[in-house]
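Asks: Here is my input, please return the structure:
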Amino acid sequence: MNIPNILTILRIFFVPLLVAALVQENVTMQVGRVLVTNEWLALAIFLAAAATDMLDGYLARRWGQVTTIGTLLDPIADKLLISAALISLVQVRAVPAWMVILIVGREFAVSGLRSIAAAAGYTIHASELGKTKMAAQVLAVSWLLASIRHPALAPTAALLMWGVLIFTLVSAVDYFRKFWHKVEVEVKDRRRRELLLLERRRKRAERLARRAAQSGSAVGGFRETI
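Replies: Numbering: from 1, shown residues only. Here you go, the predicted model:
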């Protein structure tokens, strides 16, 4: 377990803390002379989790510690973080539910595509469009969290969410366009290889059976001659 993977797992553990901080109403704490509400605490947790997303990828590439488990866990951690934040924001009526359904549904669809690709022995890496989508989501969610206590930020937050929705749908189409055909071809090729192997084994078994039958006939004829 290397440091980039630890950061990725840490981001997953931030998710329940974020939800707990966001859905609790009228919770405040005094930090020195600053009064911290639950919305600001949720924003701090969310930004800390988002920072681990940037840091783990940077360290993995810099230190040459890119691993298969890290490649698979990183997008899962991102999706858990964003989905949990958006669903919690629906709970506090900061974002429309239909918009969150589309965004979270896209995440599940792409995760399903990754699972199919992994079963076929093919790893789907995050595209540049997908990375841009993640950055837009972090910005929009941060703005939404701030707008809970400052309603003047709500119009800008709504505009950012429309941008996120567009990025989300476009990146989903891009993933499926580039990788679905490859995955389908790989699955069909693997199935064809399996069928050819089974056919070869069947023919080999038939040849062995015929040889055994011929050997038995020859032995029987030899005994009759004797």
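Asks: Okay, now the unreliable bits of this protein?
Replies: Across the chain, residues meeting the criterion (pLDDT under 70) sit at 25-35, 118-128, 130, 180-184, 186-187, 216-226.
Asks: Where do the helices of it begin and end?
Replies: Counting by DSSP state H, the chain has helices at residues 3-23, 38-62, 68-91, 97-119, 128-149, 154-225.
Asks: what helices or strands is the shortest one leaning on?
Replies: Which is helix 3-23. Packing partners of helix 3-23 (3 or more CB pairs under 8 Å, 6 or more residues apart in numbering; DSSP states H and E): helix 38-62, helix 68-91. (Each C-beta comes from the backbone N, C-alpha and C, glycine too.)
Asks: buried ones in the first one?
Replies: It stands for helix 38-62. 38-43, 45-46, 49-50, 52-53, 56-57, 60 (16 or more other CB atoms under 10 Å).
Asks: can you list contacts of stretch 15-22?
Replies: 27, 38-39, 41-42, 45-46, 49, 80-81, 84-85, 88-89, 91-92, 145 (CB atoms under 8 Å, 6 or more residues apart in numbering).
Asks: oh, I was asking about stretch 70-88
Replies: By CB under 8 Å, 6+ apart, stretch 70-88 touches 2, 4-5, 8-9, 11-12, 14-16, 18-19, 22-23, 42, 46, 49-50, 53, 56-57, 60, 95, 100, 103-104, 107, 110-111, 114, 118, 123, 125-126, 134, 137-138, 141, 145.
Asks: among those residues, which ones are buried?
Replies: Buried members of the contacts of stretch 70-88, counted by 16+ other CB under 10 Å: 4-5, 8-9, 11-12, 14-15, 18-19, 22, 42, 46, 49-50, 53, 56-57, 60, 95, 100, 103-104, 107, 110, 114, 126, 134, 137-138, 141, 145.
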